[in-house]
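A.B. asks: what follows is a predicted structure for the sequence shown.
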Amino acid sequence: MTHTIRDIAQAIGAEAAGDLELTVSGAAEPALARADQLALAMDPKYAPGLAKGQARVAMLWPGADWQAMGLQAAIFAPRGRLAMAGLSRMLDAGPAIAPGIHPMTVIDPSAEIGEGAAIGPFVTIGAGVRLGARARVASHVSIAEGAVIGADALICQGARIGARVVIGDRFICQPGAVIGADGFSFVTPEKSGVEEIRQTLGQREEIRAQSWTRIHSLGAVTIGDDVEVGANATIDRGTIRDTVIGSGTKLDNLVHVGHNVQVGRDCLLCGQVGIAGSSRIGDRVVLAGQCGVNDNIFVGDDVICGGGTKIFTNAPAGRVLLGYPAVKMETHLEMQKALRRLPRLAARVAEMEKVIAPSSDRD
């Protein structure tokens, strides 16, 4: 599939110059671009690579002298990454899923399949499932009984959608994700060591044998519109009420959302984030890679957490956090500076002790 420069510029709302009828079949880094590809050089630091490649047209920063670069046309992107979003949407055909329903798929007779759906081989769809119009389901996906999935969904290979899960429109699910597994919830007949430690913060009266009794998950998972779930991410269903993911929220690969968690709208949960059971995450929260959120706490709207941050207590709205345990980012940076100064401080104290000790001995 090819696109003219005019069509690309119009699609992403950008200005263009030169021969707008030139066509490209893809995009590439400047030094590797072929003549039929759009070179991506949205920052002046990438411009030298154009001379090493064969591109006739490039996406450049506003005001760039495209003719001096030997180009025949150019698209000007005021915000490079935003332009990349529109361009990549145009160029990405997505997984190849043939129209219609593959003969090697098993669909319960009571399931409702929306008009224009495409379902690949080895898919199983349970009783009472409702799959929206134009949904695309790749091979080896399973959708359990009573699940509801909105229009224009894309569910990639090997994903698992559990029973009674409700998902909105334009859902994207990457390979291997599991939505609606049982929550990790267990209890002991007597007060457990964990409960005791939580109350005493480390002290234990005695250590005794204990066994775990399973608490079953009677709830499900509710997901809003325009949500994306990354590869091998997991969202557990609630114990009684549903686990909830708000509209517009994006989960990266290997994210885990525990039972009863409530995640707000337009959040960004990066790789290996873990949110323990019954916590609440506000709107527009960003949790960078390997962040952890303790159970039964609240993270306010617009909180941003740097990589590896561990949140053990409620976080006020708008706070920027870093560290283990989480503190304000500026506080964490000061703590790290002080930590680096400790060896020098210890050496100074040792020198002072050498001076002070003899006089103390005389006294």
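C.D. replies: Yes, it's here.
A.B. asks: got the domain boundaries for this protein?
C.D. replies: Domains of the chain are assigned by automatic domain parsing as 3-91, 328-362.
A.B. asks: by contact count, what packs against the helix or strand where Ile179 lies?
C.D. replies: Here Ile179, judged by DSSP states H and E, is contained in strand 178-181. On a contact count with 3 or more Cβ pairs under 8 Å, 6 or more residues apart in numbering; DSSP states H and E, strand 178-181 meets strand 160-161, strand 221-223, strand 234-236. Quick note: C-beta positions are derived from backbone N, CA and C, even for glycine.
A.B. asks: do that again at 6 Å, thanks
C.D. replies: strand 234-236 (3 or more Cβ pairs under 6 Å, 6 or more residues apart in numbering; DSSP states H and E).
A.B. asks: and the helix or strand just after the strand it packs on, which strands flank it?
C.D. replies: Sequence order places strand 243-245 as the next helix or strand after strand 234-236, per DSSP H and E. In the sheet, strand 243-245 lines up against strand 221-223 (parallel), strand 262-263 (parallel) (DSSP bridges).
A.B. asks: how about residues contacting the last one?
C.D. replies: Outside of strand 262-263, the residues within contact range by Cβ atoms under 6 Å, 6 or more residues apart in numbering are Val244, Ile245, Gly246, Thr249, Arg280, Ile281.
A.B. asks: now the two most distant members of those.
C.D. replies: Thr249 and Arg280 (13.3 Å; Cβ to Cβ).
A.B. asks: coming back round to it: will you turn the domains of the chain into TSV that also has distance to Arg204, mean neighbour count and mean pLDDT?
C.D. replies: What follows is the domains of the chain, written out as TSV (distance: least, Cβ to Cβ, whole Å; neighbours: other Cβ atoms under 10 Å; pLDDT from 0 to 100):
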stretch	distance to Arg204	mean neighbour count	mean pLDDT
domain 3-91	52	17	94
domain 328-362	30	10	85
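A.B. asks: CSV please, covering the ones you listed and showing distance to Ser139.
C.D. replies: Shown next, in CSV, are these (distance: least, Cβ to Cβ, whole Å):
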stretch, distance to Ser139
domain 3-91, 24
domain 328-362, 44
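A.B. asks: select, out of those, the one closest to Ala315.
C.D. replies: Judging the domains of the chain by Cβ to Cβ, what sits closest to Ala315 is domain 328-362, at 10.1 Å.
A.B. asks: number of nearby residues for the closest residue to Phe171 other than its chain neighbours?
C.D. replies: With sequence-adjacent residues excluded and distances taken as Cβ to Cβ, 6 or more residues apart in numbering, Phe171 is closest to Ala153, at 4.3 Å. Counted with other Cβ atoms under 10 Å, the neighbours of Ala153 add up to 23.
A.B. asks: surely Ala153 touches Cys173?
C.D. replies: No. Judged on Cβ atoms under 6 Å, Ala153 makes no contact with Cys173 at a distance of 7.5 Å.
A.B. asks: can you map out the helices along this protein?
C.D. replies: Secondary structure of the chain by DSSP state H: the helices cover 5-12, 80-91, 193-200, 329-362.
A.B. asks: contacts for the first one, please.
C.D. replies: Identification of contacts with helix 5-12 by Cβ under 6 Å, 6+ apart yields Ala16, Leu20, Leu22, Val57, Ala73, Ile75, Ala83, Gly86, Met90.
A.B. asks: quick one, what contacts the first one?
C.D. replies: Going by Cβ under 6 Å, 6+ apart, Ala16 touches Ile5, Ala9, Ile75.
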